[in-house]
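1. model this:
(one chain, ligands or ions: 1)
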Amino acid sequence: MSRRESPPPPSPPPPLLGLQRGEVQCEERPERAEPLSDAEREIIQDSWGHVYKNCEDVGVSVLIRFFVNFPSAKQYFSQFQDMEDPEEMERSSQLRHHARRVMNAINTVVENLHDPEKVSSVLALVGKAHAIKHQVEPIYFKILSGVMLEVLSEDFPEFFTAEVQMVWTKLMGAVYWHVTGAYTEVGWLQVSSSAV
Ligand code: HEM
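-> Take a look at the predicted model:
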């Protein structure tokens, strides 16, 4: 009788251990953000409605996965930089507070997709605070976007179809572009001349 072998567990993504400011030298800011069509904006707003009803739980799940898979990202948070147990992290008020801030900022973006100036001013403020006050390496914004899309697709499979995920990828690209605008202004990132 043949015995079915269970597949090996997936290997975890490589942690960016010890990533220090300035070390990601190839990180560049794309030249522009791709605009969303009216239909794409509607797709984002419809799918986000379901997520935002569970805003705090989703935000906490996203951040816990982010900090577990990329432990070096904890370095910026005094309260849980040395924590390893996800359940302990879940109880951290600093983590919950940041989860709410992230989700509320995304909500403001989603609610104002018709108003590019508002979107750009909200995200410029986020970028400025993280570059100047919190000194966060900008690559973490890209990583967090990927983790967020992963968690949303897993937790809301009926709404985050392949098409919806593609539109969200575009939105998160635009978020990254706006946030890193502030990093460019303070000289932390350069604009790529080859980006399209
Ligand atoms: C879309 C992504 C993100 C959004 C919308 C966001 C939003 C915010 C906002 C609104 C604040 C308060 C701003 C202020 O201090 O004036 C904040 C604080 C902070 N953020 Fe973020 N953030 C994001 C990603 C990140 C990432 C990737 C990191 C680091 C890995 C990070 C680290 C911090 C830290 C350390 C603080 C201060 C926390 C405290 O004072 O307790 N953020 N964030």
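2. look up how far residue 112 lies from residue 158.
-> The gap separating residue 158 from residue 112 is 26 Å, by CB to CB, to the nearest Å. Where C-beta positions appear, they are placed from N, C-alpha and C, glycine not excepted.
3. next, residue 78: secondary structure please.
-> Classification of residue 78 by DSSP: H, G, I helix; E, B strand; the rest coil places it in coil.
4. I'd say it and residue 95 touch.
-> No: using CB atoms under 8 Å, residue 78 is not in contact with residue 95; the gap is 11.4 Å.
5. tell me which of those two has more neighbours.
-> residue 95 (22 against 9; other CB atoms under 10 Å).
6. pretty sure that one is in a strand, no?
-> No: applying three-state DSSP, one finds residue 95 to be helix, outside a strand.
7. residues contacting it?
-> Neighbouring residues of residue 95 by CB atoms under 8 Å, 6 or more residues apart in numbering: 60, 63, 64, 67, 77, 79, 80, 89.
8. neighbour count winner among residue 158 and residue 112?
-> A direct count of neighbours by other CB under 10 Å for residue 158 and residue 112 places residue 112 higher, at 15 against 7.
9. which residues touch the more buried one?
-> With CB under 8 Å, 6+ apart, residue 112 has these contacts: 118, 119, 122.
10. look up how far the ligand lies from it.
-> Distance of residue 112 to the ligand, given as CB to the nearest ligand atom, to the nearest Å: 14 Å.
11. residue 29 against residue 185, yeah?
-> No: between residue 29 and residue 185 there is no contact under CB under 8 Å: 10.3 Å.
12. neighbours around residue 87, how many?
-> 8.
13. longest helix in this structure, please.
-> Across the chain, the longest stretch assigned as helix under DSSP state H is helix 162-185.
14. enumerate the residues of this protein near the ligand.
-> For the chain, the residues in contact with the ligand (CB under 6 Å from any ligand atom) are 73, 76-77, 94, 98, 101-102, 105, 126, 129-130, 133-134, 136, 140-141, 144, 175.
15. in this structure residue 144 contacts residue 66, no?
-> Yes: under the criterion of CB under 8 Å, residue 144 makes contact with residue 66 at 5.4 Å.
16. can you pull the phi/psi pair for residue 190?
-> Main-chain torsions, residue 190, degrees, to the nearest 10: phi -110, psi 160.
17. kindly report the same for residue 30.
-> Torsion angles, degrees, to the nearest 10, at residue 30: phi -60, psi 160.
18. so what's it scoring on pLDDT?
-> Per-residue pLDDT puts residue 30 at 75.
19. and the gap between it and residue 190?
-> 11 Å.
20. do residue 48 as well
-> From residue 48 over to residue 190 the distance is 32 Å, taken as CB to CB.
21. how about the strands of the chain, start to end?
-> 28-29, 190-191 (DSSP state E).
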